[in-house]
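Asker: Following is a predicted model, sequence given first.
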Amino acid sequence: MNNKLFDDKKVLLGFALSFLLSITAIILAANDIGYWIVCVLLAFILLFASTTRVQKRQ
């Protein structure tokens with residue numbers, strides 16, 4: 001999985017965006033803004049899609 005992970009730019013972008021959305025969700029939750037739930041859901045969906053993409057390429 002590691003070699004396929006570094007070859008695909010879309011997978012790297014998906015993991016990076018998922019990480020940034022998670023950080024954004026933490027910041028929003030700390031400031032008591034209700035949109036943090038949307039960020040968590042989007043991060044989870046993006047992480048799942050990126051992981052599935054890597055698994056299909058093997």
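Answerer: Received the coordinates, thanks. Numbering: from 1, shown residues only.
Asker: what helix or strand does the residue most central in space within the chain sit in?
Answerer: By CA atoms, centre = their mean, the mean C-alpha position of the chain lies nearest to residue 18, the distance being 2.0 Å. Counting by DSSP states H and E, the element that carries residue 18 is helix 9-30.
Asker: Run through the neighbouring helices and strands of that helix.
Answerer: helix 2-7, helix 36-57 (3 or more CB pairs under 8 Å, 6 or more residues apart in numbering; DSSP states H and E). The way it works is simple: take the backbone N, C-alpha and C, and place the C-beta from them, glycine included.
Asker: Run the chain-centre distance for the longest one.
Answerer: Put simply, helix 36-57 sits 5 Å off its chain's centre (CA atoms, centre = their mean, to the nearest Å).
Asker: do the same with stretch 7-19
Answerer: With CA atoms, centre = their mean as the basis, the mean position of stretch 7-19 lies at 7 Å from the chain mean.
Asker: picking up where we left off before, format the helices and strands packed on helix 9-30 as JSON lines; extra columns: distance to residue 23, mean neighbour count and mean pLDDT.
Answerer: Output for the helices and strands packed on helix 9-30, formatted as JSON lines (distance: least, CB to CB, whole Å; neighbours: other CB atoms under 10 Å; pLDDT from 0 to 100):
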{"stretch": "helix 2-7", "distance to residue 23": "21", "mean neighbour count": "11", "mean pLDDT": "66"}
{"stretch": "helix 36-57", "distance to residue 23": "9", "mean neighbour count": "15", "mean pLDDT": "91"}
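Asker: Now do stretch 16-31: everything it contacts.
Answerer: The contact list for stretch 16-31 (CB atoms under 8 Å, 6 or more residues apart in numbering) reads 35-37, 39-40, 42-44, 46-47, 50.
Asker: Let me know the pLDDT of the residue nearest to the centre of the chain.
Answerer: For residue 18, the pLDDT comes out at 96.
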